[in-house]
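[1] task: produce atomic coordinates for the following.
(one chain, ligands or ions: 1)
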Amino acid sequence: MTDLHPFIAGLPKAELHVHHVGSASPRIVAELAARHPDSKVPTDPEALADYFSFTDFAHFIEVYLSVVDLIRTPEDVRLLTFEVARDMARQNIRYAELTVTPFSSTRRGIDENAFMAAIEDARKAAEAELGVVLRWCFDIPGEAGLEAAEETARLAVDLRPDGLVSFGLGGPEIGVPRPQFKPYFDRAIAAGLHSVPHAGETTGPQTIWDALNDLGAERIGHGTSATQDPTLLAHLAEHRIPLEVCPTSNLATRAVRDLDEHPVKEMVAAGVLVTINSDDPPMFGSDLNNEYAVAARLLQLDERGLADLAKNAVEASFLDPAGKARIVAEIDAYTATWPAR
Ligand SMILES: [Zn+2]
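    Have a look, this model is predicted:
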């Protein structure tokens with residue numbers, strides 16, 4: 001059995017399902033906590049490592065919200081965004097569609113124009129200094145209801161920063177039916193944004209149908225329960241609707257009981273375009289490289305299979321054709337130089 005980790009580490013990759021605040025690594029959280037000494041978040045790395053070892057999902061939410069509380073000024077937003085890109089560059093992530101929840105920040109009093117300027121400034125710096133191309137997905141925090149949906153649609157359509165490519169919906173699915181968000185997705189789609197709601201992470205395949213039929217989903221966040229409905233799987237495969245699969249996240253949130261029981265094998269077998277992603281990587285003790293290693297094990301992939309997986313993410317992305325061709329060429333060049341077994 002070859003150790004695939006060195007190959008994965010150097011492989012140029014794209015990531016399509018990763019959250020802004022959820023990407024705050026202990027290093028970034030320590031920096032933010034040092035700026036706001038009144039917060040209860042520890043600033044030394046060792047205490048932070050303890051703080052980040054989650055006991056259960058409720059604890060994860062608690063830590064997530066305490067990180068949200070550290071993002072108080074536009075400069076915090078800029079720092080978080082640029083430093084997330086730095087963590088991506090270290091993993092050879094060349095392109096990422098970062099899911100940003102502007103409602104969490106504007107509701108907390110950060111000026112909306114300053115917020116947009118901060119993420120755009122970080123995006124340009126990340127591309128120029130780190131070689132990481134960032135694009136935004138603005139998502140509705142589903143648990144915050146229609147008020148948040150209205151605000152997120154307004155920010156996306158009226159303020160639309162240059163890097164914004166898509167409109168999403170996150171948060172819990174149970175008790176948060178997808179169809180109620182149709183008017184907001186209609187507005188975003190009419191403004192030219194792509195639709196990428198989370199669906200079928202913690203609920204059944206009907207949620208995925210709702211995302212397709214009511215929200216015009218072009219990609220599905222998670223879609224874990226798609227394998228419970230063969231008609232849906234065939235539909236996703238036929239229409240080339242990609243799934244954003246996040247294996248370790250699914251384990252951490254108990255969407256799957258055991259990684260070995262993850263339905264990614266059935267998704268691939270059904271011909272669905274599967275992409276591998278990290279969701280909230282430091283909070284789940286993972287990163288994209290680790291998710292590729294998990295996928296290699298579950299799907300029994302070699303280097304060529306991993307390169308194809310990386311190309312799936314490029315194909316499923318909202319990059320323009322020239323941008324896609326550039327990353328695919330990088331993947332091919334890298335794979336060609338890799339010693340054959
Ligand atoms: Zn997510």
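[2] so what touches stretch 88-96?
    Applying C-beta atoms under 8 Å, 6 or more residues apart in numbering, the external contacts of stretch 88-96 come out as 9-16, 18, 85, 126, 130-135, 287-289, 314, 317, 319, 323, 327, 330. Bear in mind the C-beta positions are built from the backbone N, C-alpha and C, glycine included.
[3] please repeat the previous calculation with a cut-off of 6 Å.
    Contacts to stretch 88-96, defined as C-beta atoms under 6 Å, 6 or more residues apart in numbering, come from residues 10, 12-15, 130, 132-134, 287-289, 327.
[4] in that stretch, what's buried?
    Neighbour-count burial for stretch 88-96, counted by 16 or more other C-beta atoms under 10 Å, picks out 88, 91, 92, 93, 94, 95, 96.
[5] now render the residues you listed as TSV, adding pLDDT.
    Shown next, in TSV, are these (pLDDT from 0 to 100):
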residue	pLDDT
88	98
91	98
92	98
93	98
94	98
95	98
96	98
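[6] hmm, back to that, could you export the contacts of stretch 88-96 as JSON lines, including secondary structure and distance to residue 275?
    As requested, the contacts of stretch 88-96 are exported to JSON lines (DSSP: H, G, I helix; E, B strand; the rest coil; distance: C-beta to C-beta, whole Å):
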{"residue": "10", "secondary structure": "helix", "distance to residue 275": "19"}
{"residue": "12", "secondary structure": "coil", "distance to residue 275": "15"}
{"residue": "13", "secondary structure": "strand", "distance to residue 275": "10"}
{"residue": "14", "secondary structure": "strand", "distance to residue 275": "8"}
{"residue": "15", "secondary structure": "strand", "distance to residue 275": "8"}
{"residue": "130", "secondary structure": "helix", "distance to residue 275": "22"}
{"residue": "132", "secondary structure": "coil", "distance to residue 275": "18"}
{"residue": "133", "secondary structure": "strand", "distance to residue 275": "16"}
{"residue": "134", "secondary structure": "strand", "distance to residue 275": "17"}
{"residue": "287", "secondary structure": "coil", "distance to residue 275": "16"}
{"residue": "288", "secondary structure": "helix", "distance to residue 275": "11"}
{"residue": "289", "secondary structure": "helix", "distance to residue 275": "15"}
{"residue": "327", "secondary structure": "helix", "distance to residue 275": "13"}
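[7] make TSV out of these and add distance to residue 65, neighbour count and pLDDT.
    Shown next, in TSV, are these (distance: C-beta to C-beta, whole Å; neighbours: other C-beta atoms under 10 Å; pLDDT from 0 to 100):
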residue	distance to residue 65	neighbour count	pLDDT
10	36	15	96
12	34	22	98
13	29	30	98
14	29	27	98
15	24	27	98
130	28	17	98
132	27	25	98
133	30	22	98
134	24	25	98
287	22	22	96
288	24	27	98
289	27	21	98
327	35	21	98
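[8] just to revisit the earlier point, from the buried residues of stretch 88-96, which single one is nearest residue 179?
    When those are compared for distance to residue 179 (C-beta to C-beta), residue 96 wins out at 29.4 Å.
[9] separation between the closest one and residue 161?
    15 Å (C-beta to C-beta, to the nearest Å).
[10] rewinding a little: now the buried residues of stretch 88-96 in a markdown table, with secondary structure and distance to residue 58?
    Below are the buried residues of stretch 88-96 laid out as a markdown table (three-state DSSP; distance: C-beta to C-beta, whole Å):
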| residue | secondary structure | distance to residue 58 |
| --- | --- | --- |
| 88 | helix | 29 |
| 91 | coil | 29 |
| 92 | coil | 34 |
| 93 | strand | 30 |
| 94 | strand | 36 |
| 95 | strand | 34 |
| 96 | strand | 28 |
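[11] could I get those as JSON lines with distance to residue 238?
    Listed next are these as JSON lines, based on distance: C-beta to C-beta, whole Å:
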{"residue": "88", "distance to residue 238": "33"}
{"residue": "91", "distance to residue 238": "33"}
{"residue": "92", "distance to residue 238": "33"}
{"residue": "93", "distance to residue 238": "30"}
{"residue": "94", "distance to residue 238": "30"}
{"residue": "95", "distance to residue 238": "27"}
{"residue": "96", "distance to residue 238": "28"}
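[12] beta partners of the closest residue to residue 133 other than its chain neighbours?
    Distances taken as C-beta to C-beta, 6 or more residues apart in numbering put residue 95 closest to residue 133, at 4.6 Å, once the chain neighbours are dropped. Under DSSP bridges, the beta-bridge partners of residue 95 are residue 14, residue 133.
[13] cheers, nothing more for now.
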